[in-house]
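Chemist: Structure here, sequence nowhere to be found:
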Ligand code: AQP
(Lines give C-alpha, C1' and ligand atoms only; values in the text may rest on other atoms or scores of the structure.)
Protein backbone atom coordinates (compact mmCIF):
# COMPACT_ATOMS: atom_id res chain seq x y z
CA UNK A 1 0.00 0.00 0.00
CA UNK A 2 1.30 3.49 -0.77
CA UNK A 3 1.22 5.76 2.30
CA UNK A 4 1.65 9.53 2.18
CA UNK A 5 1.84 12.09 4.94
CA UNK A 6 3.58 15.35 5.76
CA UNK A 7 4.54 17.63 8.61
CA UNK A 8 5.03 21.35 8.31
CA UNK A 9 8.44 22.77 9.17
CA UNK A 10 6.72 25.63 10.96
CA UNK A 11 8.45 25.26 14.33
CA UNK A 12 9.66 22.76 16.89
CA UNK A 13 7.75 19.48 16.70
CA UNK A 14 5.61 18.57 19.70
CA UNK A 15 3.84 15.67 21.36
CA UNK A 16 0.74 16.28 19.21
CA UNK A 17 2.77 15.80 16.02
CA UNK A 18 4.39 12.66 17.43
CA UNK A 19 1.32 10.99 18.97
CA UNK A 20 -1.10 12.18 16.26
CA UNK A 21 1.04 11.45 13.23
CA UNK A 22 4.75 10.54 13.38
CA UNK A 23 4.38 7.53 15.68
CA UNK A 24 2.10 5.77 13.23
CA UNK A 25 4.20 6.91 10.25
CA UNK A 26 7.15 5.08 11.78
CA UNK A 27 5.04 1.99 12.50
CA UNK A 28 3.74 1.91 8.91
CA UNK A 29 7.19 1.94 7.30
CA UNK A 30 7.71 -1.79 7.93
CA UNK A 31 5.07 -3.04 5.54
CA UNK A 32 4.23 -0.25 3.14
CA UNK A 33 5.70 2.01 0.51
CA UNK A 34 5.90 5.25 2.49
CA UNK A 35 6.35 8.84 1.35
CA UNK A 36 6.74 11.32 4.22
CA UNK A 37 7.49 14.89 3.29
CA UNK A 38 8.48 18.02 5.17
CA UNK A 39 5.93 20.62 4.16
CA UNK A 40 8.14 23.67 3.78
CA UNK A 41 5.89 25.33 1.16
CA UNK A 42 3.02 25.07 3.65
CA UNK A 43 5.23 26.35 6.48
CA UNK A 44 5.86 29.51 4.48
CA UNK A 45 2.31 30.58 5.40
CA UNK A 46 3.55 31.18 8.96
CA UNK A 47 7.38 31.26 8.82
CA UNK A 48 8.68 34.08 6.67
CA UNK A 49 12.35 34.13 7.61
CA UNK A 50 14.67 32.24 5.22
CA UNK A 51 17.14 31.01 7.84
CA UNK A 52 14.44 29.91 10.25
CA UNK A 53 12.59 28.01 7.53
CA UNK A 54 15.79 26.29 6.33
CA UNK A 55 16.77 25.35 9.89
CA UNK A 56 13.26 24.14 10.76
CA UNK A 57 13.18 21.97 7.66
CA UNK A 58 16.41 20.22 8.58
CA UNK A 59 15.20 19.90 12.19
CA UNK A 60 12.03 18.07 11.14
CA UNK A 61 14.17 15.59 9.19
CA UNK A 62 16.47 15.09 12.19
CA UNK A 63 13.48 14.58 14.51
CA UNK A 64 11.93 11.96 12.22
CA UNK A 65 15.19 10.02 11.97
CA UNK A 66 15.81 10.29 15.72
CA UNK A 67 12.32 8.94 16.44
CA UNK A 68 12.98 5.86 14.30
CA UNK A 69 12.23 6.62 10.67
CA UNK A 70 14.42 4.29 8.62
CA UNK A 71 15.50 5.90 5.32
CA UNK A 72 15.96 2.42 3.82
CA UNK A 73 12.28 1.70 4.40
CA UNK A 74 10.56 5.08 4.00
CA UNK A 75 11.10 8.07 1.71
CA UNK A 76 11.66 11.20 3.81
CA UNK A 77 11.94 14.27 1.61
CA UNK A 78 11.36 18.01 1.28
CA UNK A 79 8.09 19.11 -0.31
CA UNK A 80 10.06 21.67 -2.34
CA UNK A 81 12.12 18.92 -3.97
CA UNK A 82 8.97 18.06 -5.93
CA UNK A 83 8.00 21.52 -7.27
CA UNK A 84 5.39 19.89 -9.53
CA UNK A 85 3.04 19.87 -6.51
CA UNK A 86 2.55 23.60 -6.96
CA UNK A 87 1.60 23.02 -10.61
CA UNK A 88 -0.93 20.38 -9.61
CA UNK A 89 -2.31 22.67 -6.88
CA UNK A 90 -2.96 25.30 -9.54
CA UNK A 91 -4.67 22.80 -11.84
CA UNK A 92 -6.86 21.61 -8.94
CA UNK A 93 -7.75 25.22 -8.14
CA UNK A 94 -9.30 25.55 -11.60
CA UNK A 95 -11.82 22.76 -10.93
CA UNK A 96 -12.52 23.51 -7.24
CA UNK A 97 -15.20 25.92 -6.08
CA UNK A 98 -14.25 28.65 -3.62
CA UNK A 99 -17.07 27.49 -1.33
CA UNK A 100 -15.23 24.25 -0.57
CA UNK A 101 -12.22 26.13 0.79
CA UNK A 102 -14.45 28.56 2.68
CA UNK A 103 -15.71 25.62 4.74
CA UNK A 104 -12.21 24.66 6.00
CA UNK A 105 -12.20 24.59 9.84
CA UNK A 106 -8.44 24.81 10.03
CA UNK A 107 -8.35 28.12 8.12
CA UNK A 108 -10.99 29.64 10.41
CA UNK A 109 -9.21 28.35 13.54
CA UNK A 110 -5.87 29.77 12.42
CA UNK A 111 -7.33 33.18 11.52
CA UNK A 112 -9.16 33.25 14.88
CA UNK A 113 -5.78 32.64 16.55
CA UNK A 114 -4.36 35.73 14.82
CA UNK A 115 -2.51 34.12 11.89
CA UNK A 116 -2.42 36.38 8.80
CA UNK A 117 -5.28 35.36 6.43
CA UNK A 118 -3.05 35.15 3.34
CA UNK A 119 -4.10 33.47 0.09
CA UNK A 120 -1.53 30.78 0.91
CA UNK A 121 -3.31 30.00 4.17
CA UNK A 122 -6.70 30.03 2.42
CA UNK A 123 -5.57 27.72 -0.40
CA UNK A 124 -3.59 25.43 1.95
CA UNK A 125 -6.00 22.49 1.28
CA UNK A 126 -5.33 22.74 -2.49
CA UNK A 127 -1.61 22.28 -2.01
CA UNK A 128 -2.22 19.52 0.51
CA UNK A 129 -4.49 17.76 -2.00
CA UNK A 130 -1.80 18.07 -4.67
CA UNK A 131 0.76 16.57 -2.26
CA UNK A 132 -1.45 13.54 -1.76
CA UNK A 133 -2.74 13.06 -5.29
CA UNK A 134 0.60 13.49 -7.06
CA UNK A 135 1.81 10.14 -5.63
CA UNK A 136 -1.50 8.29 -6.23
CA UNK A 137 -1.49 7.62 -2.48
CA UNK A 138 -3.76 4.90 -1.08
CA UNK A 139 -3.76 5.95 2.55
CA UNK A 140 -3.03 9.16 4.45
CA UNK A 141 -2.27 8.74 8.18
CA UNK A 142 -3.04 12.03 9.96
CA UNK A 143 -4.42 13.44 13.19
CA UNK A 144 -8.17 14.10 13.48
CA UNK A 145 -7.66 17.82 12.81
CA UNK A 146 -6.68 16.99 9.22
CA UNK A 147 -9.58 14.71 8.31
CA UNK A 148 -11.55 17.49 6.64
CA UNK A 149 -8.56 18.22 4.40
CA UNK A 150 -8.47 14.60 3.23
CA UNK A 151 -12.20 14.72 2.49
CA UNK A 152 -11.55 17.85 0.42
CA UNK A 153 -8.73 16.04 -1.38
CA UNK A 154 -11.15 13.27 -2.38
CA UNK A 155 -13.62 15.90 -3.59
CA UNK A 156 -10.95 17.65 -5.67
CA UNK A 157 -9.76 14.38 -7.25
CA UNK A 158 -13.37 13.65 -8.16
CA UNK A 159 -13.89 17.12 -9.69
CA UNK A 160 -10.78 16.67 -11.86
CA UNK A 161 -11.64 13.13 -12.98
CA UNK A 162 -15.25 14.10 -13.79
CA UNK A 163 -14.30 17.27 -15.60
CA UNK A 164 -11.76 15.58 -17.84
CA UNK A 165 -13.54 12.23 -18.15
CA UNK A 166 -10.68 10.03 -16.96
CA UNK A 167 -9.81 8.35 -13.67
CA UNK A 168 -6.41 10.03 -13.51
CA UNK A 169 -6.34 10.90 -9.81
CA UNK A 170 -6.78 8.26 -7.15
CA UNK A 171 -9.11 9.01 -4.21
CA UNK A 172 -7.13 8.39 -0.98
CA UNK A 173 -8.45 7.01 2.32
CA UNK A 174 -7.71 8.51 5.72
CA UNK A 175 -6.08 6.58 8.56
CA UNK A 176 -6.58 7.80 12.13
CA UNK A 177 -4.88 6.47 15.24
CA UNK A 178 -5.82 6.50 18.93
CA UNK A 179 -4.51 10.00 19.54
CA UNK A 180 -7.42 11.89 18.07
CA UNK A 181 -6.51 15.39 19.19
CA UNK A 182 -3.69 15.79 21.69
CA UNK A 183 -4.38 18.75 24.01
CA UNK A 184 -1.81 21.45 24.66
CA UNK A 185 -1.03 22.86 28.11
CA UNK A 186 -4.13 25.09 27.84
CA UNK A 187 -6.46 22.21 26.89
CA UNK A 188 -6.89 23.32 23.27
CA UNK A 189 -5.38 21.40 20.33
CA UNK A 190 -1.61 21.29 20.83
CA UNK A 191 -0.15 23.35 18.03
CA UNK A 192 3.20 24.88 17.08
CA UNK A 193 1.59 28.23 16.46
CA UNK A 194 -0.66 28.41 19.54
CA UNK A 195 2.14 28.67 22.15
CA UNK A 196 0.64 25.70 24.04
CA UNK A 197 2.94 22.90 22.91
CA UNK A 198 5.10 20.42 24.80
CA UNK A 199 8.03 20.13 22.40
CA UNK A 200 9.61 16.76 21.68
CA UNK A 201 13.21 17.75 22.17
CA UNK A 202 13.47 20.62 24.61
CA UNK A 203 15.93 19.97 27.47
CA UNK A 204 14.29 17.53 29.95
CA UNK A 205 14.12 20.19 32.70
CA UNK A 206 12.20 22.56 30.43
CA UNK A 207 9.84 19.78 29.31
CA UNK A 208 9.10 18.90 32.94
CA UNK A 209 8.42 22.56 33.72
CA UNK A 210 6.05 22.76 30.77
CA UNK A 211 4.21 19.60 31.87
CA UNK A 212 3.86 21.00 35.40
CA UNK A 213 2.05 23.99 33.86
CA UNK A 214 -0.68 21.95 32.11
CA UNK A 215 -4.07 23.47 32.94
CA UNK A 216 -6.19 21.39 35.35
CA UNK A 217 -9.39 22.13 37.26
CA UNK A 218 -9.50 23.22 40.90
CA UNK A 219 -10.70 19.95 42.47
CA UNK A 220 -9.05 19.76 45.93
CA UNK A 221 -6.33 17.15 46.55
CA UNK A 222 -8.50 14.90 48.73
CA UNK A 223 -11.46 14.78 46.30
CA UNK A 224 -11.89 12.12 43.57
CA UNK A 225 -11.04 13.39 40.08
CA UNK A 226 -12.30 12.57 36.62
CA UNK A 227 -9.42 11.23 34.48
CA UNK A 228 -11.49 11.50 31.31
CA UNK A 229 -11.73 15.28 31.42
CA UNK A 230 -8.14 15.88 32.53
CA UNK A 231 -5.52 17.17 30.03
CA UNK A 232 -2.71 15.45 31.95
CA UNK A 233 -4.39 12.05 31.79
CA UNK A 234 -5.29 12.56 28.10
CA UNK A 235 -1.57 12.65 27.23
CA UNK A 236 -0.51 10.06 29.83
CA UNK A 237 -2.83 7.40 28.42
CA UNK A 238 -1.21 7.76 24.99
CA UNK A 239 2.33 7.25 26.30
CA UNK A 240 2.26 5.01 29.38
CA UNK A 241 1.84 1.22 29.47
CA UNK A 242 -1.74 -0.14 29.92
CA UNK A 243 -0.84 -1.15 33.52
CA UNK A 244 0.42 2.36 34.30
CA UNK A 245 -2.71 3.90 32.78
CA UNK A 246 -4.98 1.64 34.84
CA UNK A 247 -3.04 2.47 38.02
CA UNK A 248 -3.24 6.23 37.47
CA UNK A 249 -6.95 6.02 36.62
CA UNK A 250 -7.50 4.31 39.99
CA UNK A 251 -5.64 7.11 41.78
CA UNK A 252 -7.77 9.78 40.09
CA UNK A 253 -10.98 8.02 41.07
CA UNK A 254 -9.88 7.32 44.66
CA UNK A 255 -9.03 10.93 45.55
CA UNK A 256 -6.10 11.93 47.74
CA UNK A 257 -3.83 12.64 44.78
CA UNK A 258 -2.98 16.15 43.68
CA UNK A 259 -2.60 17.02 40.00
CA UNK A 260 1.09 17.73 40.67
CA UNK A 261 1.66 13.99 41.23
CA UNK A 262 -0.06 13.08 37.95
CA UNK A 263 1.99 15.69 36.10
CA UNK A 264 5.20 14.33 37.59
CA UNK A 265 4.28 10.79 36.46
CA UNK A 266 3.58 12.15 32.98
CA UNK A 267 6.97 13.89 32.89
CA UNK A 268 8.66 10.58 33.81
CA UNK A 269 6.90 8.72 30.99
CA UNK A 270 7.64 11.44 28.44
CA UNK A 271 11.34 11.27 29.33
CA UNK A 272 11.32 7.46 29.18
CA UNK A 273 9.82 7.54 25.68
CA UNK A 274 11.82 10.46 24.28
CA UNK A 275 15.14 10.16 26.14
CA UNK A 276 16.69 7.56 23.78
CA UNK A 277 15.50 9.53 20.74
CA UNK A 278 17.11 12.67 22.18
CA UNK A 279 20.46 10.86 22.27
CA UNK A 280 20.08 9.72 18.64
CA UNK A 281 19.11 13.27 17.74
CA UNK A 282 22.32 14.70 19.14
CA UNK A 283 24.36 12.39 16.88
CA UNK A 284 22.29 13.38 13.84
CA UNK A 285 22.75 17.09 14.56
CA UNK A 286 26.49 16.51 14.36
CA UNK A 287 26.05 14.71 11.01
CA UNK A 288 23.90 17.13 9.00
CA UNK A 289 25.42 16.04 5.67
CA UNK A 290 24.06 12.50 6.21
CA UNK A 291 20.58 13.96 6.83
CA UNK A 292 20.87 16.10 3.70
CA UNK A 293 21.85 13.01 1.65
CA UNK A 294 18.75 11.17 2.93
CA UNK A 295 16.51 14.06 1.88
CA UNK A 296 18.07 14.44 -1.57
CA UNK A 297 17.90 10.72 -2.42
CA UNK A 298 14.28 10.39 -1.29
CA UNK A 299 13.34 13.63 -3.06
CA UNK A 300 14.58 12.17 -6.34
CA UNK A 301 12.52 9.00 -5.86
CA UNK A 302 9.42 11.03 -4.99
CA UNK A 303 9.87 13.36 -7.94
CA UNK A 304 10.13 10.50 -10.36
CA UNK A 305 6.73 9.12 -9.18
CA UNK A 306 5.24 12.62 -9.28
CA UNK A 307 6.46 13.26 -12.81
CA UNK A 308 4.76 10.18 -14.17
CA UNK A 309 1.42 11.17 -12.55
CA UNK A 310 1.83 14.75 -13.82
CA UNK A 311 2.32 13.48 -17.37
CA UNK A 312 -1.15 11.87 -17.14
CA UNK A 313 -2.65 14.98 -15.50
CA UNK A 314 -1.29 17.31 -18.19
CA UNK A 315 -2.38 14.98 -20.93
CA UNK A 316 -5.92 14.75 -19.50
CA UNK A 317 -6.39 18.52 -19.28
CA UNK A 318 -4.41 19.59 -22.34
CA UNK A 319 -1.45 21.35 -20.77
CA UNK A 320 1.61 21.05 -22.99
CA UNK A 321 5.13 21.47 -21.64
CA UNK A 322 7.68 21.57 -24.45
CA UNK A 323 10.88 19.58 -24.05
CA UNK A 324 13.72 21.93 -23.06
N1 LIG B 1 -2.60 18.31 18.72
C2 LIG B 1 -2.54 17.38 17.80
N3 LIG B 1 -3.16 16.19 18.01
C4 LIG B 1 -3.11 15.19 17.10
N5 LIG B 1 -2.44 15.30 15.93
C6 LIG B 1 -1.83 16.46 15.68
N7 LIG B 1 -1.10 16.88 14.63
C8 LIG B 1 -0.68 18.16 14.85
N9 LIG B 1 -1.13 18.58 16.04
C10 LIG B 1 -1.84 17.55 16.58
C11 LIG B 1 -0.82 16.07 13.47
O12 LIG B 1 0.54 16.29 13.10
C13 LIG B 1 0.64 16.19 11.69
C14 LIG B 1 1.47 17.32 11.16
O15 LIG B 1 0.86 18.53 11.43
P16 LIG B 1 1.40 19.83 10.72
O17 LIG B 1 2.61 20.30 11.41
O18 LIG B 1 1.57 19.62 9.28
O19 LIG B 1 0.21 20.82 10.82
P20 LIG B 1 -0.76 21.11 11.98
O21 LIG B 1 -1.76 20.02 12.18
O22 LIG B 1 -1.34 22.45 11.68
O23 LIG B 1 0.21 21.13 13.23
P24 LIG B 1 0.46 22.34 14.14
O25 LIG B 1 1.41 22.03 15.21
O26 LIG B 1 -0.87 22.88 14.59
O27 LIG B 1 1.21 23.33 13.15
P28 LIG B 1 0.98 24.86 12.90
O29 LIG B 1 0.79 25.48 14.23
O30 LIG B 1 2.24 25.34 12.22
O31 LIG B 1 -0.22 24.96 12.03
C32 LIG B 1 -0.77 16.16 11.11
O33 LIG B 1 -1.08 14.85 10.69
C34 LIG B 1 -1.62 16.56 12.28
O35 LIG B 1 -2.88 15.91 12.24
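Modeler: Sure thing, it's come through. None of these values were measured; they are calculated from a predicted model.

Chemist: For the rest of this, base every contact and every neighbour count on C-alpha atoms.
Modeler: Will do.

Chemist: Would you mark the buried spots in the worst-scoring helix or strand of the chain on mean pLDDT?
Modeler: Counting by mean pLDDT, DSSP states H and E, the chain has its least confident helix or strand at helix 105-112, which shows a mean of 90. When burial is assessed from 16 or more other C-alpha atoms under 10 Å, helix 105-112 yields the following buried residues: 106-107.

Chemist: do stretch 192-203 as well
Modeler: 192, 196-201.

Chemist: Show the backbone phi and psi for residue 133.
Modeler: Backbone geometry at residue 133, expressed as degrees, to the nearest 10, gives phi -70, psi -30.

Chemist: How about the contacts made by it?
Modeler: Neighbour list for residue 133: 153, 157, 169-172 [criterion: C-alpha atoms under 8 Å, 6 or more residues apart in numbering].

Chemist: So it versus the ligand, what's the distance?
Modeler: 16 Å (C-alpha to the nearest ligand atom, to the nearest Å).

Chemist: ok, now residue 201?
Modeler: Going from residue 201 to the ligand by C-alpha to the nearest ligand atom gives 14 Å.

Chemist: do residue 245 as well
Modeler: For residue 245 relative to the ligand (C-alpha to the nearest ligand atom), the value is 19 Å.

Chemist: Helix or strand: which one has that residue?
Modeler: helix 242-254 (DSSP states H and E).

Chemist: hang on, the earlier thing: closest one to residue 162 out of the buried residues of stretch 192-203, please.
Modeler: Residue 162 lies nearest to residue 192 out of those, by C-alpha to C-alpha, at 37.5 Å.

Chemist: on that earlier part again, name the next helix or strand following the helix holding residue 245 along the chain.
Modeler: Next along from helix 242-254, by DSSP H and E: helix 259-285.

Chemist: Could you list every helix and strand that that following helix packs against?
Modeler: The contact analysis (3 or more C-alpha pairs under 8 Å, 6 or more residues apart in numbering; DSSP states H and E) places helix 259-285 against helix 50-67, helix 204-212, helix 231-239.

Chemist: would you turn these into CSV with mean pLDDT, distance to the ligand and mean neighbour count?
Modeler: What follows is the helices and strands packed on helix 259-285, written out as CSV (pLDDT from 0 to 100; distance: least, C-alpha to the nearest ligand atom, whole Å; neighbours: other C-alpha atoms under 10 Å):
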stretch, mean pLDDT, distance to the ligand, mean neighbour count
helix 50-67, 98, 10, 19
helix 204-212, 97, 15, 17
helix 231-239, 96, 10, 20
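
Chemist: Read off the pLDDT value for residue 178.
Modeler: As predicted, residue 178 sits at a pLDDT of 68.

Chemist: before we move on, the earlier item: among the buried residues of stretch 192-203, find me the one that's closest to residue 289.
Modeler: Distance to residue 289, by C-alpha to C-alpha, is smallest for residue 201 among those, at 20.6 Å.

Chemist: which bits of the stretch 151-300 of the chain sit near the ligand?
Modeler: Proximity of the stretch 151-300 of the chain to the ligand is confined to 179-183, 189-193 under the rule C-alpha under 6 Å from any ligand atom.

Chemist: Quick check on those residues: which are buried?
Modeler: Buried among these by 16+ other C-alpha under 10 Å: 179-183, 189-192.

Chemist: could those residues go into CSV alongside secondary structure?
Modeler: As requested, these are exported to CSV (DSSP: H, G, I helix; E, B strand; the rest coil):
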residue, secondary structure
179, coil
180, coil
181, coil
182, coil
183, strand
189, strand
190, coil
191, coil
192, helix
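
Chemist: circling back: buried set for the helix holding residue 245?
Modeler: Buried residues in helix 242-254 (16+ other C-alpha under 10 Å): 245, 248-249, 251-252.

Chemist: repeat for stretch 34-50
Modeler: Using 16+ other C-alpha under 10 Å as the test for burial, stretch 34-50 gives 34-47.

Chemist: Identify the residue of the stretch 101-250 of the chain closest to the ligand, quick one.
Modeler: Across the stretch 101-250 of the chain, the shortest distance to the ligand (C-alpha to the nearest ligand atom) belongs to residue 143, at 3.1 Å.

Chemist: ok, back up a step: in strands only, show me the contacts of residue 133.
Modeler: Among the contacts of residue 133, no member falls in strands (criterion: DSSP state E).

Chemist: So which of the residues you listed is surrounded by the most neighbours?
Modeler: If you count neighbours using other C-alpha atoms under 10 Å, the busiest of the contacts of residue 133 is residue 153, which has 26 neighbours.
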